[in-house]
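sequence unknown, structure follows:
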């Protein structure tokens, strides 16, 4: 399925969680995976969502370092 | 006559005053607890404090009470600890999250029968043969008010909740929005209408367009932290992040049979300074879970390398999912020695403690090769993945021993591996996320944890011996 992380389109497996999309984003950007634990994930409305929040097709999320 | 008129007037005034009396309903809502039983002593203390002020406090869960904590999920009756703790706290109702189905239909029926609170979902129709006793809604009578609570469970793109399809073979799921309309009549019969949903925040916002007759949606599924309550289409929506980090305390004010004020605020649970001692003792009891010492198989010879344990893990995933090939990032194999003797549940959880799920792909040989190399680079601290169903010869660069110069794959019998053929491949969800490589099929989560699949494999094998098992051979390029 397709999701968007920080305006980057990510192709990820069906049933992925927010952390999987962010990990994929970090690897694509050649950033350390350990950043996952140092940031916050938000939905399109700007709400904080959990690392294991389930994603759906077309979902837009943002990852911000704290 | 004058006296009578005065008496009547006074009575009318009193009646109208009584009619106009404002009444409050107080609710604590949680969602997606995912068996975070460590936070229950603090959570129970919060409930105790609120009940001391509001004796008629309602406590609701918007689903996904279970799954994510082996202490709970691997209990003798899977997920029973959460039911026991929710009974002790005195939950008034829960809806069914997609993970409520993870233990299968018999387990769900059993857990419901052991619960002192109803499971509400208007959009499920279980086959009666399983005895899954859910209700579409429940009417609560609180502070002389009628509070209708209607449940709704998540239905994914496959037409059922996001769980393994085998877990819901005899349950029919209907669309949430349409089905809820069948319960609109409850508006006329109630002072307050609450939807207890497990469909996700953005879906709740969409749903609010179709249920203007509801006062409140207590949501779950997307683990979204809403600040108190938000209003969309004049319906208040609440939700918290998962694992009992926070709960929401809601106050509804009712006058003349109508909700005139809605307030909600979040309460931190993780750092709450007090604990309920009885609940703390229950958590301690469940933490000493004898089920962890259950013997799954006998190890006839010690396992002495990451390679041997990696071979066993990936064999388990390949065999138990009926796939051609399995692989794991090497960092996912957490120890390199296990003595001969019993292989217990605890040994599996130490070996594979991350709670990853199995992800399945249809890959060509070339796509698999690219994915193995991508995994190597993304998990470079640990090196090339462990595999099952193939043998890999990895030739490293002479100048940079972490750089792959060439990868040769053969079938286990030594025959040539077909790079054009399509194979069914499984790996864990972490590896599926980090292996960024070109492939047509992005895969699908089978909603089975990798650790539970290893357990099944060991139980099916009875005894195992991986002495000397090796499928990845590394050498240094001569050039």
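Structure received. Predicted model only: the values in this text are computed from it and were never measured.

need the contact partners of stretch B:406-416.
B:365, B:368-369, B:372-373, B:389-395, B:417, B:419, B:471, B:477 (CB atoms under 8 Å, 6 or more residues apart in numbering or on different chains). To be clear about C-beta, it is placed using only N, CA and C from the backbone, and glycine gets the same treatment.

what residues of it count as buried?
residue B:409 (16 or more other CB atoms under 10 Å in any protein chain shown).

how about the helices in chain A?
Ranges of helices in chain A, per DSSP state H, are A:18-28.

now do the stretch 151-300 of chain B
B:176-181, B:186-189, B:201-208, B:277-287 (DSSP state H, counting those that start in this stretch).

is it possible to get JSON lines of these that adds distance to residue A:52, mean pLDDT and mean neighbour count?
Shown next, in JSON lines, are the helices of the stretch 151-300 of chain B (distance: least, CB to CB, whole Å; pLDDT from 0 to 100; neighbours: other CB atoms under 10 Å in any protein chain shown):
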{"stretch": "helix B:176-181", "distance to residue A:52": "22", "mean pLDDT": "97", "mean neighbour count": "18"}
{"stretch": "helix B:186-189", "distance to residue A:52": "34", "mean pLDDT": "97", "mean neighbour count": "14"}
{"stretch": "helix B:201-208", "distance to residue A:52": "15", "mean pLDDT": "97", "mean neighbour count": "22"}
{"stretch": "helix B:277-287", "distance to residue A:52": "21", "mean pLDDT": "95", "mean neighbour count": "15"}
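
for chain A, which of these is the nearest?
helix B:201-208 (6.7 Å; CB to the nearest CB).

I'd like to know which of the contacts of stretch B:406-416 are part of helices.
Using DSSP H, these in helices are B:365, B:368, B:369, B:372, B:373.

how about a markdown table for those, with distance to chain A, neighbour count and pLDDT added?
Putting the ones in helices among the contacts of stretch B:406-416 into a markdown table (distance: CB to the nearest CB, whole Å; neighbours: other CB atoms under 10 Å in any protein chain shown; pLDDT from 0 to 100) gives the following:
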| residue | distance to chain A | neighbour count | pLDDT |
| --- | --- | --- | --- |
| B:365 | 20 | 19 | 98 |
| B:368 | 15 | 27 | 98 |
| B:369 | 18 | 19 | 98 |
| B:372 | 15 | 26 | 98 |
| B:373 | 13 | 17 | 97 |
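
give me the element residue B:457 is part of.
helix B:450-461 (DSSP states H and E).

in contact with residue A:20, which residues?
A:12, A:13, A:55, B:429, B:430, B:432, B:433.

cool, residue B:386 as well?
Applying CB under 8 Å, 6+ apart, the residues near residue B:386 are B:306, B:307, B:310, B:311, B:313, B:314, B:327, B:328, B:330, B:333, B:471, B:472.

gap between the nearest residue to it once chain neighbours are set aside and residue B:94?
Distance criterion CB to CB, 6 or more residues apart in numbering or on different chains; nearest residue to residue B:386, sequence neighbours excluded, is residue B:310 at 2.7 Å. Residue B:310 sits 40 Å away from residue B:94, going by CB to CB, to the nearest Å.

higher neighbour count, those two?
residue B:94 (31 against 28; other CB atoms under 10 Å in any protein chain shown).
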